[in-house]
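Q: Sharing a model prediction with you, sequence too.
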Amino acid sequence: REGLEVRKSDDFSMWYNQLVQKAELIEFYDISGCYILRPASYRIWEAIQSYFDKEIKKLGVENAYFPIFVSASRLNQEKDHVAGFAPEVAWVTKSGDSPLEEPIAVRPTSETVMYPSFAKWIRSHRDLPLKINQWNNVVRWEFKHPTPFLRSREFLWQEGHTAFATKEEADCEVLQILELYRSVYEDLLAVPVIKGKKSDKEKFAGGLYTTTVEAFIPHNGRAIQAATSHCLGQNFANMFDITFEDENRFRKKVYQNSWGLTTRSIGVMIMVHSDDKGLVLPPKVAPIQVVVVPIRIRVNQEEINHLLDQECETYTLQLERRGIRVKLDCRNDKTPGWKFHHWELRGVCLRVEVGVKEMHSNELVIVRRDTGERTVVSKNDLCERITQLLDTMQEEMLLRARNIRDHCISVAYNWNDFMTAIDSKQMVLAPWCTETRCEEEVKRQSMEYSASRGYDSVEEQTNLTGAVKTLCLPFEEELNRWNISPLSAGSLCFACHSSAKAWTLWGRSY
Ligand SMILES: O=C1CCCN[C@@H]1CCCn1cnc2ccccc2c1=O
C-alpha cells in the first residue's frame with residue numbers, strides 16, 4: 001500500500017522512518033547510518049543551498065573546495081579538543097592489499113584541512129578578512145542510533161571558515177550568520193528556532209563561544225540543535241600560527257569564526273510539519289507546489305473528458321509561466337482519489353481539482369495540504385489565488401508551529417517543577433548558575449529520574465536518552481518575546497540554589 005501504515009501519535013519513530021521512504025525522500029542502504037538522498041530530498045537541499053549561498057555571497061564569502069582526507073599529524077594538531085571526538089573519526093588504512101604508510105582520516109570537519117593554508121595565505125592585514133565556505137560532505141562514525149537526516153555517519157553541510165583582524169569583526173559575523181540560520185529555518189522551512197548561546201559544557205571545545213539556533217519536535221518533546229555559529233577567538237591562530245602584520249607593522253594573531261548547517265534541517269522540517277497523510281512541505285522548498293487533477297466523468301464521455309484534459313493543460317501552462325512548480329496528473333489509469341492520496345503523501349502544497357461542472361460554471365476547487373481547506377475560485381483568478389494561497393500557507397505553517405512550540409516552554413524555579421515539565425514533553429526555562437559541574441549533576445539526576453520512571457522502555461527503539469541538558473542561554477530578544485523579565489538580584493539556581501547568573505533553556509534532545 002502506498003500510504004502510511006502508522007500514525008504520528010502512535011509510533012513517532014516508525015511513522016518518520018516509514019514516511020521518508022514512502023514519500024520517496026530516502027532509500028535505505030546496507031551500511032548502517034548511511035542513507036540515499038533521492039531526488040525529492042536533494043531538491044529540498046538545493047533550495048536551502050541556493051538561499052543560504054546567495055546570502056553569504058552578499059557578505060563577501062567565497063566558496064572553495066578542500067580535500068576530504070586529513071593526515072593523522074594534521075588532525076592531531078588540535079588534539080586537545082579532537083580528543084573528545086576521536087572515536088568518531090573514520091580512517092583509511094590501506095589501498096587495495098597494501099597498507100598505507102600513515103593512516104589517513106576522512107574529514108569530520110575541515111579546520112585542520114583548511115587552517116594550514118590560511119596561515120600561508122594570510123600575511124598582511126590587507127589579506128583580511130578571509131571568508132571561505134565549502135559545500136561538502138563529512139564523515140563522523142557515530143554510535144548513537146542513526147536517523148535519516150537527523151543523525152547519519154555521512155552528511156552534507158556547508159562549513160564556513162572566516163578570519164578577521166579584530167575580535168569585534170568576528171563577534172559581528174557570528175551573529176550575522178546566526179541570523180541567516182534563523183532565516184533558513186523560519187523563512188524557508190517554516191520551522192521556529194530559538195537563538196542563544198551554548199553553555200561551557202555544550203559549546204565547541206576548540207572555540208571561544210558557540211551561538212546556536214535550537215529547534216523543537218513537539219511530538220516527542222525533544223529539542224534539536226539546528227545550526228551553530230562559533231567564535232573561535234585566537235585558539236586556532238595559536239595552533240596553526242595564523243598571523244598578520246597590522247598597519248603599524250606589528251605581528252598579530254587573527255580572530256576566527258566557523259559555522260555550519262547540515263541536511264539535518266530537512267529532517268527537522270519533516271518532523272515538525274508532516275502528518276498521518278504524509279509530507280507537508282512549506283511552499284518555498286516544495287519540489288512540486290501545485291498538482292492539477294481532472295475529475296473526469298466515469299461513463300464513456302470521451303469528448304468531454306478530452307476537453308477537460310485540454311483545460312487542465314491550459315491551467316498548468318499558465319501556472320508554469322508564473323514560475324509555480326506545477327504538475328499535471330491526467331493519468332487515465334488512476335482515479336482522482338488515488339491521485340489525491342499520492343500527492344498528499346509527497347507533500348504537494350495545493351491541489352487544483354478541475355471538474356466537468358467547471359466547464360460550465362468556470363469554477364475550480366483549490367485544496368490546501370496543510371489545512372485541507374477547499375477554496376472555490378473562478379478560472380480567471382487561478383494564478384492570482386494560487387500565488388496568494390502559497391504565501392498564506394508558508395506564513396501560517398510557521399505561525400502554527402511557533403504557537404505550538406511556545407506552548408511547550410515552561411518556566412521552573414525548582415527541581416520538582418523542572419522535571420515535571422520535562423516529563424510532560426516541555427522545554428524548561430530556569431534561572432541557572434551556569435556552572436558546568438551543576439549541568440553535569442542535572443544530567444545525572446535527570447538520567448536517574450528517567451530510569452526510575454521506566455523512561456527508557458519508551459525510547460528503546462531510538463535509544464534517545466532521558467537525560468536533560470542545556471539547549472542554550474536564550475538571547476535577550478527571545479526572553480523579551482516571551483515576556484520573561486531579567487533575573488532579579490538574589491535569584492537562585494533551580495538545581496543547586498547557588499546564585500543564578502542567567503535564564504537557561506533546558507530539554508531532552510537528539
Ligand atoms: O560545528 C562546526 C561548524 C562547521 C565547522 N566546524 C565546527 C566545529 C566542529 C566540531 N567538531 C565536531 N565533530 C568532530 C568529530 C571528529 C573530530 C573533530 C570534530 C569537531 O571538531
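A: Here it is on my side, so go on.

Q: Packing partners of the longest helix seen in the chain?
A: Criterion DSSP state H: the longest helix present in the chain is helix 382-406. The contact analysis (3 or more CB pairs under 8 Å, 6 or more residues apart in numbering; DSSP states H and E) places helix 382-406 against helix 264-273, helix 302-321, strand 350-355, strand 363-368, strand 374-378. C-betas here are computed from N, CA, C, even on glycine.

Q: Packing partners of the next helix or strand after the third one?
A: Which is strand 350-355. Where DSSP states H and E defines the elements, the next helix or strand beyond strand 350-355 is helix 356-361. Where contact means 3+ CB pairs under 8 Å, 6+ apart, helix 356-361 is packed against helix 302-321.

Q: if we can go back for a sec, residues of the longest helix of the chain that come out buried?
A: By neighbour count with 16 or more other CB atoms under 10 Å, helix 382-406 contains the buried residues 382-383, 385-387, 389-390, 393-394, 397-398, 400-402, 405.

Q: from memory Ala421 sits against Tyr413, does it?
A: No - between Ala421 and Tyr413 there is no contact under CB atoms under 8 Å: 11.2 Å.

Q: Mind checking which of those two has more residues around it?
A: The residue with more neighbours, out of Ala421 and Tyr413, is Ala421; 22 against 13, by other CB atoms under 10 Å.

Q: so the residue of the stretch 351-500 of the chain found nearest the ligand bridges to which residues?
A: Residue of the stretch 351-500 of the chain nearest the ligand, by CB to the nearest ligand atom: Cys472 (14.6 Å). Cys472 has these beta-bridge partners by DSSP bridges: Leu505.

Q: neighbours around it, how many?
A: 25.

Q: got it, and the one 5 residues further on?
A: Summarising burial for Glu477: neighbours were counted as other CB under 10 Å, giving 9.

Q: Next to the ligand, which bits of the stretch 201-350 of the chain? Give me the list.
A: Phe204, Gly206, Thr228, His230, Ser258, Trp259, Gly260 (CB under 6 Å from any ligand atom).

Q: Kindly recompute the last result at 5 Å.
A: By CB under 5 Å from any ligand atom, the residues of the stretch 201-350 of the chain that approach the ligand are Phe204, Ser258, Gly260.

Q: and what of the chain?
A: Within the chain, the residues that sit near the ligand (CB under 5 Å from any ligand atom) are Phe85, Glu88, Pro108, Thr109, Glu159, Phe204, Ser258, Gly260.

Q: Surely the third one forms part of a helix?
A: No - per DSSP: H, G, I helix; E, B strand; the rest coil, Pro108 lies outside any helix segment and is coil.

Q: which residue packs closest to it, ignoring adjacent ones?
A: Among residues not flanking Pro108 along the chain, Arg140 sits closest, at 4.8 Å (CB to CB, 6 or more residues apart in numbering).

Q: Assess the claim that that neighbour and Arg153 are in contact.
A: Yes - with contact defined as CB under 8 Å, Arg140 counts as touching Arg153 (6.5 Å).

Q: got any residues that touch both of these two?
A: Shared contacts of Arg140 and Arg153 (CB atoms under 8 Å, 6 or more residues apart in numbering): Ala90.

Q: quick one: low-confidence parts of this structure?
A: 81, 299-300, 456-463 (pLDDT under 70).

Q: Grab the most central residue of it for me.
A: Ser265 (1.8 Å; CA atoms, centre = their mean).

Q: For that residue, give me its contacts.
A: By CB under 8 Å, 6+ apart, Ser265 lies in contact with Ile48, Phe149, Val184, Tyr185, Leu189, Val191, Ala226, Ala227.

Q: Next: Arg182.
A: Shown in contact with Arg182 (CB under 8 Å, 6+ apart): Val193, Lys195, Val213.

Q: In contact with Arg453: list those residues for me.
A: Applying CB under 8 Å, 6+ apart to Arg453 gives the contacts Asp423, Gly466.

Q: In the stretch 101-250 of the chain, which residue sits nearest the ligand?
A: When distances are taken as CB to the nearest ligand atom, the stretch 101-250 of the chain reaches nearest to the ligand at Pro108, 3.4 Å away.

Q: Do I have it right that that residue meets Val89?
A: Yes - between Pro108 and Val89 a contact is recorded at 5.6 Å, counting by CB under 8 Å.

Q: show me the contacts for Leu180.
A: Contact partners of Leu180, counting by CB under 8 Å, 6+ apart, are Phe52, Glu55, Ile56.

Q: Secondary structure element holding Thr212?
A: Applying DSSP H and E as the criterion places Thr212 in strand 209-217.

Q: ditto for Leu232
A: With DSSP H and E as the test, Leu232 turns up in strand 222-233.

Q: Tell me the helices and strands packed up against the helix or strand just after that strand.
A: Next in sequence after strand 222-233, counting helices and strands by DSSP H and E, comes helix 235-240. The helices and strands touching helix 235-240, judged by 3+ CB pairs under 8 Å, 6+ apart, are helix 111-121, strand 255-262.

Q: element containing Phe418?
A: Using DSSP H and E, the element containing Phe418 is helix 415-423.

Q: Buried residues in that helix, which are they?
A: Trp415, Phe418, Met419, Ala421, Ile422, Asp423.

Q: Name the residue of the stretch 201-350 of the chain that lies nearest to the ligand.
A: Minimum separation of the stretch 201-350 of the chain from the ligand (CB to the nearest ligand atom) falls at Gly260, amounting to 3.0 Å.

Q: if I look at that residue, how far off is Val191?
A: Gly260 sits 17 Å away from Val191, going by CB to CB, to the nearest Å.

Q: again with Ile26
A: 19 Å.

Q: between these two, who's got more neighbours?
A: Using other CB under 10 Å, the more surrounded residue of Ile26 and Val191 is Val191, with 28 against 23.

Q: Please give me every residue in contact with that one.
A: Neighbouring residues of Val191 by CB under 8 Å, 6+ apart: Tyr185, Ala215, Ala226, Ser265, Val268, Met269, Val272, His273, Leu398, Ala401.

Q: Burial check on the closest residue to the fifth one other than its chain neighbours, number of neighbours?
A: If the residues on either side of it in the chain are set aside, Val268 comes closest to Ala215, at 4.9 Å by CB to CB, 6+ apart. The burial count assigned to Ala215 is 27, neighbours taken as other CB under 10 Å.

Q: wait, doesn't Ala215 sit right on Met269?
A: No - between Ala215 and Met269 there is no contact, the gap being 9.0 Å when judged by CB under 8 Å.

Q: Give me the distance between Arg444 and Lys469.
A: Per CB to CB, Arg444 is found 11 Å from Lys469.

Q: Give me the more crowded residue out of those two.
A: Shown here are Arg444 and Lys469; by other CB under 10 Å, Lys469 has more neighbours (18 against 11).

Q: just checking, that one touches Trp506?
A: Yes - with contacts counted by CB under 8 Å, Lys469 reaches Trp506, the gap being 6.9 Å.
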